[in-house]
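Chemist: Here is a sequence with its predicted model. Questions after.
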Amino acid sequence: MNPVTFEITHVCKQSGARTGILHTPHGDVETPMFMPVGTQATVKFLSPEELYAMNAGVVLANTYHLWLRPGEDVLREAGGVQKFMNYKGPMLTDSGGFQVFSLSDTRKISEEGVTFRNTLNGDILFLSPEKSIQIQNAIGADIMMSFDECIPFPATRDYAQKSMLRTLRWAERGKNANERPDEQALFGIVQGGDYDDLRYYCAEKLVEMDFPGYAIGGTSVGEDKETMYRMVKWSQEKLPVDKPRYLMGVGAVNDLLEAVSLNIDMCDCVLPTRLARHGTLLTSHGRINIRKAMYKHDFSPLDEKCDCYCCRNYTRAYLNHLFRTEEGFGTRLLSIHNVRFLLRLMEDARRAIHEDRFNDFKQETLAQMKFDERGF
RNA sequence: GGAGAAGUAGCGAAGUGGCUAAACGCGUCUGACUGUAAAUCAGAUCCCUCCGGGUUCGGUGGUUCGAAACCGCCCUUCUCCA
């Protein structure tokens, strides 16, 4: 019995994009959706109450980082990450696969797994598919991810193939290692770089293993938009229609809308919270940096169309002041706004799909945001 | 009134003869950020500019091939003593 199941509720007649419901042990969430990232068992600067208030749904946590601190023993004692951080909604853990990419300076990959140099204290660490699942079982999120290798772009065909085949073997090993299959669902991850046949092959092999959901990895690692969308398109073509599709690490507005067009149901990204910490906010007219002098005397809300706590109560001038004085409240307010902004974008996307007008919605939204050539 | 110390770019502060248009910090301005080693990082910040050029280190007059730096005078500030 799969702990996580998916049902499609509508397919847009105009675009083919779909809405659905993801059923999890911690509640149902509507798709397509955006998932905020809480790497170290906290979405930086946001409380669980704030996440509920903005209808956050699924929240991510990270296997590698929680393994280092506080350690799997603490997570077990706590009764899982949800109890630990007091988040009552569904959660998902990334496997540490992204750290194979992002910590590439300090790691070595072998068939057995990946050796990391602990960036905190220099210790040698070893993460394997089995170990990743063991830790993810301790963390206890509703959805676990296969331990994969997220390869850089560009990568040679030879390397992309070898890595993808190894990621497939790791997926099989991870699946066999899951000790809580009735409580925690494990998703497979499609890799294969920028090579169509590798993407197809990987997806087909994963489907043979029969996962309750499938992710697309190895994107948004520095490639251009066209390449990224191509990789997503290839990756999802061979996936079963009735299983959730998760595009990993994508959160720019235009990318999210493109992902929905490509039948993606779930996306996650650190972008809204990171941008917030750096003073950049998302609005229906594009990105702006609140530190700019032009906002010093601007007593309008961040985004007049936004329904978030920040926009309902505070002005650009006040946020400008909070950022210039480095007051942490400003970081919290912008984080609330940016996360809510993307959640609402997806709510609007779902509504447009139900109304069979997603293509129109996408076009209108992007036009309003005045994208430059590089994108949002 | 006497003794001493100091005046460097928006601010603070290095620099005591050429490698100095002048370190560094702050401030200011730009840009970046996509499964978080990121409340971070990169660039700019005397003026005009494409190469390049033009004016600077309280003021002024000197010394020198060459001065922010050495000398004289002046102005200003600070500390201590009366």
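Modeler: Great, that's in hand.

Chemist: The closest residue to residue A:256 other than its chain neighbours: which element?
Modeler: Distances taken as Cβ to Cβ, 6 or more residues apart in numbering put residue A:267 closest to residue A:256, at 5.7 Å, once the chain neighbours are dropped. Placement of C-beta: from N, CA and C, glycine included. With elements taken from DSSP states H and E, the one containing residue A:267 is strand A:266-269.

Chemist: Give the other helices and strands that whichever helix or strand comes after that strand contacts.
Modeler: Scanning forward in sequence from strand A:266-269 by DSSP H and E, the next helix or strand is helix A:271-277. Other helices and strands packing on helix A:271-277, by 3 or more Cβ pairs under 8 Å, 6 or more residues apart in numbering; DSSP states H and E, are strand A:280-283, helix A:328-354.

Chemist: Any chance of those in JSON lines with distance to RNA strand B, mean pLDDT and mean neighbour count as columns?
Modeler: Formatted as JSON lines, the helices and strands packed on helix A:271-277 follow (distance: least, Cβ to the nearest atom of the strand, whole Å; pLDDT from 0 to 100; neighbours: other Cβ atoms under 10 Å):
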{"stretch": "strand A:280-283", "distance to RNA strand B": "4", "mean pLDDT": "96", "mean neighbour count": "22"}
{"stretch": "helix A:328-354", "distance to RNA strand B": "5", "mean pLDDT": "98", "mean neighbour count": "22"}
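
Chemist: need these in JSON lines with distance to residue A:251, can you?
Modeler: JSON lines is the format used below for the helices and strands packed on helix A:271-277 (distance: least, Cβ to Cβ, whole Å):
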{"stretch": "strand A:280-283", "distance to residue A:251": "10"}
{"stretch": "helix A:328-354", "distance to residue A:251": "6"}
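
Chemist: Ok, which of these comes nearest residue A:50?
Modeler: With Cβ to Cβ, the closest approach to residue A:50 among these belongs to helix A:328-354: 5.8 Å.

Chemist: How far does the closest one sit from its chain's centre?
Modeler: Relative to its parent chain, helix A:328-354 has a centroid offset of 14 Å by Cα atoms, centre = their mean, to the nearest Å.

Chemist: what does the strand holding residue A:267 contact?
Modeler: Strand A:266-269 is contacted by residues A:22, A:31-37, A:58, A:60, A:92, A:244-252, A:255-256, A:259, A:342 when judged by Cβ atoms under 8 Å, 6 or more residues apart in numbering.

Chemist: If we use 7 Å, what do you get?
Modeler: Strand A:266-269 is contacted from outside by A:31, A:33-35, A:37, A:60, A:244, A:246-251, A:256, A:259, using Cβ atoms under 7 Å, 6 or more residues apart in numbering.

Chemist: Run me through the strand neighbours of it, direction for each.
Modeler: Partner strands and pairing direction for strand A:266-269 (DSSP bridges) are strand A:33-36 (parallel), strand A:245-247 (parallel).

Chemist: Please work out which of those strands is packed deepest.
Modeler: strand A:245-247 (a mean of 29; mean count of other Cβ atoms under 10 Å).

Chemist: thinking again about what came up before, with respect to residue A:306, which of the contacts of strand A:266-269 is nearest?
Modeler: Using Cβ to Cβ, those come closest to residue A:306 at residue A:34, 14.8 Å.

Chemist: need the contact list for that closest one.
Modeler: Counting by Cβ under 7 Å, 6+ apart, residue A:34 touches A:251, A:256, A:267, A:342-343, A:346.

Chemist: in the stretch 51-200 of chain A, which spans are helices?
Modeler: Using DSSP state H, counting those that start in this stretch, the helices assigned to the stretch 51-200 of chain A run over residues A:63-68, A:72-78, A:81-85, A:97-102, A:129-139, A:157-177, A:196-209.

Chemist: wait, which of those is closest to residue A:287?
Modeler: Nearest to residue A:287 among the helices of the stretch 51-200 of chain A is helix A:97-102 (23.3 Å), distances taken as Cβ to Cβ.

Chemist: Restricting to C-alpha, output the closest one in PDB.
Modeler: What follows is helix A:97-102, C-alpha atoms only, in PDB (Å, rounded to 0.1, in the frame of the first residue of the first chain):
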ATOM      1  CA  GLY A  97      22.000  13.900  -4.400                       C
ATOM      2  CA  PHE A  98      22.100  17.600  -4.900                       C
ATOM      3  CA  GLN A  99      25.100  17.800  -2.500                       C
ATOM      4  CA  VAL A 100      26.900  15.400  -4.700                       C
ATOM      5  CA  PHE A 101      26.700  18.300  -7.200                       C
ATOM      6  CA  SER A 102      27.000  21.400  -5.000                       C
END
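
Chemist: Please work out the average pLDDT along that helix.
Modeler: The pLDDT scores in helix A:97-102 average 94.

Chemist: Buried residues in it, which are they?
Modeler: Within helix A:97-102, the residues that qualify as buried are A:97-101, counting by 16 or more other Cβ atoms under 10 Å.

Chemist: and if you look at stretch A:121-130?
Modeler: Those buried within stretch A:121-130 under the rule 16+ other Cβ under 10 Å are A:125, A:127-130.

Chemist: thinking again about what came up before, export only the CA atoms of the strand holding residue A:267, formatted as CSV.
Modeler: Taking C-alpha atoms only, strand A:266-269 is exported to CSV below (Å, rounded to 0.1, in the frame of the first residue of the first chain):
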residue,chain,number,x,y,z
MET,A,266,5.6,19.5,-8.1
CYS,A,267,8.5,22.0,-7.9
ASP,A,268,10.7,23.1,-5.1
CYS,A,269,13.2,25.9,-4.9
